[in-house]
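*Asks:* Let me see the structure of the following:
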Amino acid sequence: MQRVPRVQRVQRVQRVQRVLRLQWLQQLCLGTDQTQGRVRRHAPLAGGRDRMSPHDKGATALAVPDWLREPVGLAPGVTLVTGAGGHPLLFHPGTGTYVRLSRTGASLVPLLDGTHTGTALLAAAGRSRGPEGVRDRAAALLTFLSDLRAAGVLSVPPEQLRGAARVLARLARLTPRVRIPARYLTRLIGPPAAAMARFPRLAVIAALLVAAASATAVIMALTLPIAPVFGGPRWTLILGALLTQAAVHELSHATACQALGIPVREAGVKLFCLLIPLTYVDRTDAYRIRSRAGRAAVALAGPLVDVAAAGLSSLLILTYPAQLSELRWLLGLQLIVVVNNLNPLLPTDGHHAVEAAIGELNMGHRASAYLAHALFRVPLSSAHRAISPARRRTYLAYGVVSTAFLAMTLTMIAINLSRLIYVR
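*Replies:* Residues are numbered from 1 along each chain as shown. You can find the predicted model right below:
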């Protein structure tokens with residue numbers, strides 16, 4: 001008997017594996033569970049189109065874009081990870097993007113290895129066998145692949161944005177920033193993060209005690225009978241204190257992330273909507289934290305610093321009421337910072353904490369997607385279309401209220417800044 005060369009045996013095994021994978025795809029019920037997550041938009045089918053024949057392709061007539069004629073695979077470096085709430089996520093290290101998938105969507109990822117063309121996958125999906133028998137689910141798979149392409153995680157580059165979607169994307173990037181690399185942060189926050197990771201319960205108890213003591217001190221300082229101060233405060237010192245507080249605020253987020261084993265990408269200062277200077281820490285990788293409590297802790301670490309700073313100012317006012325009465329100006333500004341940071345209608349820590357507590361991911365992005373669809377007819381992804389009408393209305397209502405509140409806040413800031421510049 002002639003011995004088959006090893007290369008031919010490997011090729012045969014690979015061909016058998018491809019056939020088995022396509023047969024396995026036919027067993028999946030694609031129509032019952034769509035991608036759920038950070039797919040930013042639904043990509044319209046671009047380029048020339050072909051129409052699959054139900055007789056020779058094994059599927060109903062379906063408009064197929066030209067890019068599916070080539071082998072379809074994940075972009076280089078894209079990996080499947082398990083993230084928040086145990087949900088499967090696709091992670092693109094080049095762009096830092098996370099795309100949340102359903103269980104069925106995650107089971108399809110092994111097929112995206114670059115050995116199958118899109119038309120072959122659609123033909124197999126056209127003969128899908130599920131609990132209800134053989135059904136054509138090529139349309140659902142086409143939408144799934146189109147959404148992955150729009151998210152930038154496929155080897156095929158995403159289609160260029162057009163119309164209102166392009167304008168909205170450009171507006172979202174109107175945030176100049178000065179970046180600080182993560183390697184400098186790691187050296188600074190390494191020791192406290194290691195201590196928090198070693199004694200997590202003690203860290204939580206200490207945080208609760210600090211919050212309770214600070215709240216008590218603030219209440220006592222606000223009710224302290226002190227003669228009113230009519231002179232202006234020392235704004236240089238107050239601004240210096242607020243900037244220091246903001247820096248420690250962001251470092252606390254980074255420390256909580258590192259204590260949970262999540263890397264921090266960068267930190268810096270950004271000009272939000274070209275009006276509001278904000279310090280920030282890029283903690284996008286917090287999507288990898290599976291527990292709700294962990295993600296909520298990362299979000300609330302910053303406001304805890306703000307509350308502690310207000311408590312320190314209150315303690316100084318209580319200790320030296322006559323000498324440090326000007327600190328009441330600083331205390332008032334610190335309380336404004338606390339309220340804004342905990343406001344879930346703004347894209348701040350309170351929003352992220354509520355999002356983590358209720359088990360949501362990218363709640364603000366989803367609300368913005370429905371609002372953009374309602375106002376500008378921006379197409380929705382399959383994940384957004386698959387949500388029930390009641391839940392969609394909830395997202396839309398949140399988007400309307402939060403956008404209106406943000407617009408009102410920015411308008412007030414712009415008016416006050418213009419008055420200040422005009423007076424000077």
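
*Asks:* Which residue, other than its chain neighbours, is closest to Pro93?
*Replies:* Closest residue to Pro93 apart from its sequence neighbours, by C-beta to C-beta, 6 or more residues apart in numbering: Gly77 at 4.8 Å. Heads up, the C-betas are built off the backbone N, CA and C, glycines and all.

*Asks:* And for the one you found, the neighbour number?
*Replies:* By the measure other C-beta atoms under 10 Å, the count of residues near Gly77 is 11.

*Asks:* doesn't His92 make contact with it?
*Replies:* Yes - at 6.8 Å, Gly77 and His92 qualify as touching, with contact defined as C-beta atoms under 8 Å.

*Asks:* on that earlier part again, you'd agree the residue nearest to Pro93 is in a helix?
*Replies:* No - judged by DSSP: H, G, I helix; E, B strand; the rest coil, Gly77 forms no part of a helix; its state is coil.

*Asks:* Just list the residues touching it, thanks.
*Replies:* Residues in contact with Gly77 (C-beta atoms under 8 Å, 6 or more residues apart in numbering) are His92, Pro93, Gly94.

*Asks:* Now a ChimeraX select for only the buried ones of those residues.
*Replies:* Applied in ChimeraX, the following selects the buried portion of the contacts of Gly77 according to 16 or more other C-beta atoms under 10 Å:
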select :92
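
*Asks:* Filter the contacts of Gly77 down to just the ones in strands.
*Replies:* Counted as lying in strands by DSSP state E, out of those, are His92.

*Asks:* Turn the contacts of Gly77 into CSV, columns for distance to Arg179.
*Replies:* Formatted as CSV, the contacts of Gly77 follow (distance: C-beta to C-beta, whole Å):
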residue, distance to Arg179
His92, 20
Pro93, 18
Gly94, 17
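
*Asks:* re earlier: quickly note the distance from the residue nearest to Pro93 to Ser313.
*Replies:* 47 Å (C-beta to C-beta, to the nearest Å).

*Asks:* Could I get the full set of strands for this structure?
*Replies:* Under DSSP E, the chain gives strands at 49-52, 62-65, 71-73, 79-82, 88-92, 97-100, 113-117, 128-130, 133-135, 177-181, 266-272, 276-281.

*Asks:* Can you give me the neighbour number for the residue lying closest to Gly268 once chain neighbours are set aside?
*Replies:* Leaving aside its sequence neighbours, Gly268 sits nearest to Arg179 (C-beta to C-beta, 6+ apart; 4.3 Å). Arg179 has 13 neighbouring residues, counting by other C-beta under 10 Å.

*Asks:* quick one: contacts for Arg179?
*Replies:* Glu266, Ala267, Gly268.

*Asks:* Just the buried ones from those residues?
*Replies:* Neighbour counting with 16+ other C-beta under 10 Å marks Glu266, Ala267 as buried within the contacts of Arg179.

*Asks:* Quick one: the contacts of Arg179 as a markdown table, columns for pLDDT too.
*Replies:* Output for those, formatted as a markdown table (pLDDT from 0 to 100):
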| residue | pLDDT |
| --- | --- |
| Glu266 | 84 |
| Ala267 | 85 |
| Gly268 | 83 |
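
*Asks:* low-scoring pLDDT stretches of the stretch 201-350 of the chain, where are they?
*Replies:* 227-233, 273-275 (pLDDT under 70).

*Asks:* which residues of it fall in helices?
*Replies:* Assigned by DSSP state H, counting those that start in this stretch, the stretch 201-350 of the chain shows helices spanning 235-259, 292-319, 327-341, 349-357.

*Asks:* list the helices and strands the third one packs on?
*Replies:* Contact analysis of helix 327-341 by 3 or more C-beta pairs under 8 Å, 6 or more residues apart in numbering; DSSP states H and E lists helix 200-222, helix 235-259, helix 292-319 as its packing neighbours.

*Asks:* repeat that for 10 Å
*Replies:* Applying 3 or more C-beta pairs under 10 Å, 6 or more residues apart in numbering; DSSP states H and E, one finds that helix 327-341 contacts helix 200-222, helix 235-259, helix 292-319, helix 349-357.

*Asks:* Could you count how many residues lie near the closest residue to Leu312 other than its chain neighbours?
*Replies:* Distances taken as C-beta to C-beta, 6+ apart put Ser214 closest to Leu312, at 7.6 Å, once the chain neighbours are dropped. Using other C-beta under 10 Å, Ser214 has 22 other residues around it.

*Asks:* for the closest residue to Gly311 other than its chain neighbours, what are its contacts?
*Replies:* Closest residue in space to Gly311, ignoring its immediate chain neighbours: Ser214 at 2.5 Å, by C-beta to C-beta, 6+ apart. Counting by C-beta atoms under 10 Å, 6 or more residues apart in numbering, Ser214 touches Leu304, Asp306, Val307, Ala308, Ala309, Ala310, Gly311, Leu312, Ser313, Ser314, Leu315, Val338.
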